[in-house]
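1. sequence first, predicted model second:
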There are 2 protein chains.
Amino acid sequence: MSWITLIGLFAATCTTLSFLPQVMKTIKTKNTRDISLGMYGLFTVGVLSWLVYGILTADLPIVIANAITILLAGIILILKIKYG
Amino acid sequence: MSWITLIGLFAATCTTLSFLPQVMKTIKTKNTRDISLGMYGLFTVGVLSWLVYGILTADLPIVIANAITILLAGIILILKIKYG
């Protein structure tokens, strides 16, 4: 595996797992006032589209990264709708 | 351009522009309490890595999408550090 591929995998890991601290914070505090509903709505539509794109192009890293991201971002979106 | 490419471009547009509502909301309210510093710290490192990956692989869509995303996510990160 080339070091360029490693940079890509590092990038994918960071952007995917970055939503985990937000999920944990929001579950703990139950406060979502400062979080933008528009952001998580549009982001979830985008990640779902990336997932479809990854499936159609048979690109496993894109499928895996976006499957995890949609789970985490989806939790934040649901909590935002629930807590307002 | 194939419809699969169009899905990819739609996905990139959504995930990139999704940070704009959060930037606007945060500039307006000056409140960042519910936003996770860990999320935006890790996300910014990830997007910077995606940008490097896009430059090294000469992939223009990845470069453009991540250049815009790092600008928007970077603004949110700076505002989070500023307002706490």
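-> Looks like it arrived, so ask away. Numbers count the residues shown, from 1 in each chain, chains lettered A, B, ... in the order given.

2. could you count how many residues lie near residue A:20?
-> Here the number of neighbours of residue A:20 (other Cβ atoms under 10 Å in any protein chain shown) works out to 16. Heads up, the C-betas are built off the backbone N, CA and C, glycines and all.

3. so which strand or helix has it?
-> In the assignment (DSSP states H and E), residue A:20 maps to helix A:19-29.

4. same for the helix or strand just after that helix, what does it pack against?
-> The first helix or strand that comes after helix A:19-29 along the chain, using DSSP H and E, is helix A:37-56. With contacts taken as 3 or more Cβ pairs under 8 Å, 6 or more residues apart in numbering or on different chains; DSSP states H and E, helix A:37-56 sits against helix A:60-83, helix B:3-17, helix B:19-29.

5. can you say which of these is nearest to residue B:68?
-> Residue B:68 lies closest, by Cβ to Cβ, to one member of the helices and strands packed on helix A:37-56: helix B:3-17, at 5.1 Å.

6. tell me, what residue is most central in chain A?
-> Nearest to the mean C-alpha position of chain A, by Cα atoms, centre = their mean, lies residue A:69 at 2.7 Å.

7. that older thread, any chance of CSV for the helices and strands packed on helix A:37-56, columns distance to residue B:58 and mean pLDDT?
-> Converted to CSV, the helices and strands packed on helix A:37-56 look like this (distance: least, Cβ to Cβ, whole Å; pLDDT from 0 to 100):
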stretch, distance to residue B:58, mean pLDDT
helix A:60-83, 18, 95
helix B:3-17, 17, 94
helix B:19-29, 25, 98
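
8. reformat the ones you listed as a markdown table; add distance to residue A:38.
-> Output for the helices and strands packed on helix A:37-56, formatted as a markdown table (distance: least, Cβ to Cβ, whole Å):
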| stretch | distance to residue A:38 |
| --- | --- |
| helix A:60-83 | 10 |
| helix B:3-17 | 10 |
| helix B:19-29 | 3 |
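
9. contacts only, for the residue nearest to the centre of chain A.
-> By Cβ atoms under 8 Å, 6 or more residues apart in numbering or on different chains, residue A:69 lies in contact with A:15-16, A:19, A:47.

10. also residue A:51?
-> Contacts of residue A:51 (Cβ under 8 Å, 6+ apart): A:62-63, A:66-67, A:70.

11. just the pLDDT at it, thanks.
-> In this model, residue A:51 is scored at 95, pLDDT.

12. and for stretch A:36-43, what are the contacting residues?
-> Contacts of stretch A:36-43 (Cβ under 8 Å, 6+ apart): A:73, A:76-77, A:80-81, B:14-15, B:17-22, B:24-26.

13. show me which of those residues are buried.
-> Taking 16 or more other Cβ atoms under 10 Å in any protein chain shown as the criterion, what is buried in the contacts of stretch A:36-43 is A:73, A:76-77, A:80, B:14-15, B:17-22, B:25-26.
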